[in-house]
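*Asks:* Structure here, sequence nowhere to be found:
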């Protein structure tokens, strides 16, 4: 229900994936509908988990979503984050690890902002994603049609924060725009 719900239906944004104009990717409500369909068909497995390593609140790997029970806005935002990773994988998107993470944090924070909540489910990257989410909310309120582009300065600040975050230390050798890190193989 989360992935086909009214708040997810409002999520829509574009972000740059390279230096050339027009080299961009989008996250929209149908991205999450596609993940819901993959869960329904068994192409993506959903497993409830009660413990994670420090600094990890959910996980998407090998066509499996591992999430804590989804009961409140914070846990739903974390589920949106992980389902964003799942979308990029099942859609075989060619984006970098850094953009993958930034889009997932932006989507999770946008979910909270659209719910009228300002709190972050996990401090750090979600706090860094707040300016991206708030900029998108302003674009929505201004009546921007389609998927608005993220504020580029806020997007770059989010990417920089993620790169420095200890949870992503293992990816540093491939930053900033290597597309070989996270699987996007369907």
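*Replies:* Cool, the structure landed. Keep in mind that this is a model prediction, so the values were computed, not measured.

*Asks:* Report the contact partners of residue 84.
*Replies:* Under the criterion of CB atoms under 8 Å, 6 or more residues apart in numbering, the contact partners of residue 84 comprise 27, 31, 100, 103-104, 107-108. C-beta coordinates here come from the backbone N, C-alpha and C atoms, glycine included.

*Asks:* after the helix or strand that it is a member of comes which helix or strand?
*Replies:* In the assignment (DSSP states H and E), residue 84 maps to helix 73-90. Tracing the chain C-terminally past helix 73-90 and defining elements by DSSP H and E, one meets helix 97-114 next.

*Asks:* now for that next one, which elements pack on it?
*Replies:* Contacts defined by 3 or more CB pairs under 8 Å, 6 or more residues apart in numbering; DSSP states H and E place helix 97-114 against helix 6-10, strand 12-16, strand 24-28, helix 73-90, helix 125-141, helix 152-164.

*Asks:* ok, now with 10 Å
*Replies:* Packed against helix 97-114, as judged by 3 or more CB pairs under 10 Å, 6 or more residues apart in numbering; DSSP states H and E, are the following elements: helix 6-10, strand 12-16, strand 24-28, helix 29-41, strand 58-61, helix 73-90, helix 125-141, helix 152-164.

*Asks:* angle of it against helix 73-90?
*Replies:* 140 degrees (axes from the mean of the first three to the mean of the last three CA atoms, to 10 degrees).

*Asks:* Okay, now the unreliable bits of the protein?
*Replies:* Under the criterion pLDDT under 70, the flagged ranges of the chain are 52-56, 118-123, 170-181.
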